[in-house]
Structures are given as C-alpha cells and as structure tokens.
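Asks: Turn this into a model:
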Amino acid sequence: MNNRKVPEKWQSNLKAVKAVQVAFDMDERVQKEIRKAAVEANLSPSDQIRMILGLPVNKKPKRPRLTVSLSPDDYLVLGEKYGLKPDQQLEIKRKLMDELIEFVQ
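Replies: Numbers count the residues shown, from 1 in each chain. Below is the predicted model of the structure:
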C-alpha cells in the first residue's frame, strides 16, 4: 500500500473514508417502523438506526429535501403533461413542486 502523507485539508475526512456501510435485510415491517420513527424524529433512517444502537448521531440539522431521478424520457412525458417542451426543465421542476404541494394539501 502507498505510504504517502494525506494532505492536511483531507485529515478530517479520514474517519469517513474508513467507515464501512452495513446493509440490513430485515422483515419489511421492521424496516417500515424504523423509517416511520425516523420521519417522526426528523432523522434519516441511518441516523435512526444509530440512535437505536446507542451510537453518536451528527446533530447538525440537515436540509430536508426529497429527490427523484428524471430521465430524458421522463421529461418528455412531463413536458407533455404540463404543456411544456422537454428542455424546459426548470419550468417542469416548478410544476412538479406545485403538484407535490397540492398532493399534501
């Protein structure tokens, strides 16, 4: 293995680099309950699992956001749905946000 010194600006990331992600295959009911508890506590599922296990949790508030991946074909469908051209991605995103807000109201 290479013994080069890690640059100073990367020193704080060494722990994260050494961390290993662990995946759990559990009953769907257990997964659902953990996710539900995480949402109610305004935590990520990962942070909820850390809390359950008694591990430290980063207390920094995270910017809450929802994500979805949209393919070029999705933009075609959505553009047609909203009466926009597929390349009008910003306008399509605005319409998506409006629709999601309407969904919860």
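
Asks: Now do P56 against Q89, distance only.
Replies: 39 Å (C-beta to C-beta, to the nearest Å). Bear in mind the C-beta positions are built from the backbone N, C-alpha and C, glycine included.

Asks: ditto for D74
Replies: 10 Å.

Asks: before we move on, what about D27?
Replies: Distance from D27 to Q89, by C-beta to C-beta: 40 Å.

Asks: higher neighbour count, these two?
Replies: Q89 (14 against 8; other C-beta atoms under 10 Å).

Asks: Give me the neighbour count for the nearest residue in space to the more buried one that is not next to it in sequence.
Replies: Among residues not flanking Q89 along the chain, Y75 sits closest, at 6.3 Å (C-beta to C-beta, 6 or more residues apart in numbering). Y75 has 18 neighbouring residues, counting by other C-beta under 10 Å.

Asks: what stretches of this structure score poorly on pLDDT?
Replies: The chain contains residues with pLDDT under 70 at 1-4, 6, 11-19, 21, 61-64.

Asks: what about the longest helix in it?
Replies: The longest helix of the chain (DSSP state H) is helix 89-104.

Asks: In that helix, which residues are buried?
Replies: I92, K95 (16 or more other C-beta atoms under 10 Å).

Asks: Please enumerate the helices of the protein.
Replies: Using DSSP H, helices in the chain cover 14-18, 28-40, 45-52, 72-82, 89-104.
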